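Trainee: Okay, predicted coordinates and the sequence, questions at the end:
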Protein chains: 2
Amino acid sequence: MATPVESAPTKQRILDSTAAQFMRHGYTGTGLKQIVAAANAPFGSLYHHFPGGKQALGVEVIHRSGAMYGDLVMSVFDAAPDLLTGVHDCFEGAAAVLVATDYADACPIETVALEVASSNEPLRVATAEVFESWIVSASARFRAAGLDDSTARELAIAFISLLEGAFILCRASRTTEALEAAGRTAAVVVEAALRDAGVS
Amino acid sequence: MATPVESAPTKQRILDSTAAQFMRHGYTGTGLKQIVAAANAPFGSLYHHFPGGKQALGVEVIHRSGAMYGDLVMSVFDAAPDLLTGVHDCFEGAAAVLVATDYADACPIETVALEVASSNEPLRVATAEVFESWIVSASARFRAAGLDDSTARELAIAFISLLEGAFILCRASRTTEALEAAGRTAAVVVEAALRDAGVS
DNA sequence: GGGCGACTAGATAGATCGCTCTAGCGGTAA
DNA sequence: TTACCGCTAGAGCGATCTATCTAGTCGCCC
């Protein structure tokens, strides 16, 4: 995803290149020239595939990257033997990716989300839709473990907040301390909720 | 802080104006022309007071806004009768500010922190210094409540991560649900830590 | 083979970017 | 008064931004 594949179709290379740049430099910090250069695509192709310009490209990248990242996290839960291990693995895996990419690849949309929240309504809505879909997906996992609806949703929001917040601290400090602390905290909270529900 | 005072010195008006714009539009999204326009200052004054240009201005704004916000949060803890109430009040107060400012004023540096983490080393270092100072301040509060050093630091990081992460979700969705959920989660974690330490 | 649509390719427009430059104002000290 | 200095004031530079425009290339179907 980060490195565009030479053989892939132009439109996909542009999407991949844009997603990679959004993570590192945000929306306003990413120029269309850089996007096509990194994608090895001609400038004209960008406006052929995305007649709506930068904003339309942004909306599509947010939805696409958001769905991919959501699937990635859910696959970590799938691979784990139980919910608590899954929560732990998410934070550990995120820390590993962060270190492997020199603290560049965290959440694919959080930087853009903050940038556009007060200045670009279509993009703000796109990020909101992605976050809501993540909350719904995570809630389903918590419900499947035996928690009631409102507790599951609250835990899902706390889980995502801890992850996103820890990403900020980790990328700023260039350490994984925050993800480790947030991961342990998330585990504590989930464990407590399971105990309260009499499931564990 | 958000609205520059007409009578304040030019340099301070520029700093205030910049801080306000950074929250809403981020670092790259904020132009120097907009800054001086909003500050009612001549363009030349900007480079008189900040010979280092936009980057130097950014570093000073990050440190200044970071210190002010840290003091604000600490004053909430001071006003609360106990630690648990203080934690709760922080999230509730943050939600109130968010609603009052049409979901614009959250953390003054998180947007900038994500934008510059992989592209501007001096600014990245500045944000890291601010976050570390917050962690140290919050840790002191938790230690004062009877928790040991490592637990206090871990709780401080979790507290800040929950707050920053919830800000992202709230600004994207234009609701306060995430801050409410994160606030309850933070309270649960702190309460559990106090119980484990036999303090509560 | 001829025509057509999808796509490539890049020059270019108009606006805005960060930044530099010179000129001038107003208060203070010699 | 004259010289100086902190600061105001804004014109203007080269670069870069998003977006548009025309021209050319490719494969596919009739």
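Mentor: Happy to help now that I have it.
Trainee: Just list the residues touching the most centrally placed residue in chain A, thanks.
Mentor: Geometric centre of chain A, nearest residue: residue A:107, 3.6 Å, by C-alpha atoms, centre = their mean. Residues in contact with residue A:107 (C-beta atoms under 8 Å, 6 or more residues apart in numbering or on different chains) are A:23, A:69, A:163, A:164, A:167. C-betas here are computed from N, CA, C, even on glycine.
Trainee: Taking the residues you listed together, which two end up most distant?
Mentor: A:23 and A:163 (14.8 Å; C-beta to C-beta).
Trainee: Settle this for me: residue A:105 is touching residue A:98, isn't it.
Mentor: Yes. Look at residue A:105 against residue A:98 with C-beta atoms under 8 Å: they come within range, at 6.9 Å.
Trainee: Residues of chain A that sit close to DNA strand D?
Mentor: For chain A, the residues in contact with DNA strand D (C-beta under 7 Å from any atom of the strand) are A:30, A:31, A:32, A:33, A:34, A:43, A:44, A:47, A:53, A:54, A:55.
Trainee: Just the ones of those residues in helices?
Mentor: Applying DSSP state H to those, the entries found in helices are A:32, A:33, A:34, A:43, A:44, A:47, A:53, A:54, A:55.
Trainee: Also within reach of DNA strand C: list those from the residues you listed.
Mentor: A:43, A:44, A:47.
Trainee: Could you find the lowest-pLDDT member of those residues?
Mentor: When these are compared by pLDDT, residue A:44 scores lowest at 90.
Trainee: need the contact list for that one.
Mentor: Counted by C-beta under 8 Å, 6+ apart, residue A:44 has zero contacts.
Trainee: what about chain A, any weak spots by pLDDT?
Mentor: Applying pLDDT under 70 to chain A picks out residues A:1-7, A:200.
Trainee: quick revisit: now name the helix or strand holding the residue nearest to the centre of chain A.
Mentor: Take DSSP states H and E as the rule and residue A:107 turns out to sit in neither a helix nor a strand.
Trainee: before we move on, what about residue A:192?
Mentor: Assigned by DSSP H and E, residue A:192 falls in helix A:177-196.
Trainee: is chain B contacted by that helix?
Mentor: Yes. Legend: contact between helix A:177-196 and chain B by C-beta under 8 Å from any C-beta of the partner chain is shown at A:177, A:178, A:181, A:182, A:184, A:185, A:188, A:189, A:192.
Trainee: For the fifth one, list the residues it contacts.
Mentor: This points to residue A:184. Contacts of residue A:184 (C-beta under 8 Å, 6+ apart): residue B:154.
Trainee: again, 10 Å this time
Mentor: Counting by C-beta atoms under 10 Å, 6 or more residues apart in numbering or on different chains, residue A:184 touches A:87, A:88, A:91, B:154, B:157, B:158, B:189.
Trainee: Please identify which of these is nearest to DNA strand C.
Mentor: Nearest to DNA strand C among the contacts of residue A:184: residue B:157, at 32.4 Å, using C-beta to the nearest atom of the strand.
Trainee: In contact with the closest residue to that closest one other than its chain neighbours, which residues?
Mentor: Spatial nearest neighbour of residue B:157, chain neighbours left out: residue A:181 (4.1 Å); criterion: C-beta to C-beta, 6 or more residues apart in numbering or on different chains. Contacts for residue A:181 were tallied using C-beta under 10 Å, 6+ apart; they are A:91, A:162, A:166, A:169, B:135, B:150, B:153-161.
Trainee: And the buried ones among these, selectable in PyMOL?
Mentor: Selecting only the buried entries of the contacts of residue A:181 in PyMOL, with 16 or more other C-beta atoms under 10 Å in any protein chain shown as the criterion:
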select buried, (chain A and resi 91+162+166+169) or (chain B and resi 135+153+154+155+156+157+158+159+160+161)
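Trainee: Quick check: of the contacts of residue A:181, which lies closest to residue B:65?
Mentor: residue B:160 (15.3 Å).
Trainee: And the closest residue to that closest one other than its chain neighbours, how far from DNA strand D?
Mentor: For residue B:160, ignoring the flanking residues on the chain, the nearest one in space by C-beta to C-beta, 6+ apart is residue B:134 at 5.8 Å. Applying C-beta to the nearest atom of the strand, to the nearest Å, the value for residue B:134 to DNA strand D is 32 Å.
Trainee: ditto for residue A:158
Mentor: Taking C-beta to the nearest atom of the strand, one finds residue A:158 at 35 Å from DNA strand D.
Trainee: which non-adjacent residue is nearest that residue?
Mentor: Nearest to residue A:158 is residue B:185, by C-beta to C-beta, 6+ apart, at 3.9 Å.
Trainee: Is there a quick PyMOL command that grabs whichever of the ones in helices among the residues of chain A next to DNA strand D are buried?
Mentor: Only the buried entries of these go into this PyMOL selection, using 16+ other C-beta under 10 Å:
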select buried, chain A and resi 32+54+55
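Trainee: which pair in the ones in helices among the residues of chain A next to DNA strand D spans the largest distance?
Mentor: For these, and using C-beta to C-beta, no pair is farther apart than A:44 and A:55, which are 18.3 Å apart.
Trainee: quick one: whichever residue of chain A sits closest to DNA strand C and residue A:60, what's the gap?
Mentor: At 2.2 Å from DNA strand C, residue A:44 is the closest residue in chain A, using C-beta to the nearest atom of the strand. Distance of residue A:44 to residue A:60, computed by C-beta to C-beta, to the nearest Å: 18 Å.
Trainee: can you check residue A:110 too?
Mentor: For residue A:110, the distance to residue A:60 equals 18 Å [C-beta to C-beta].
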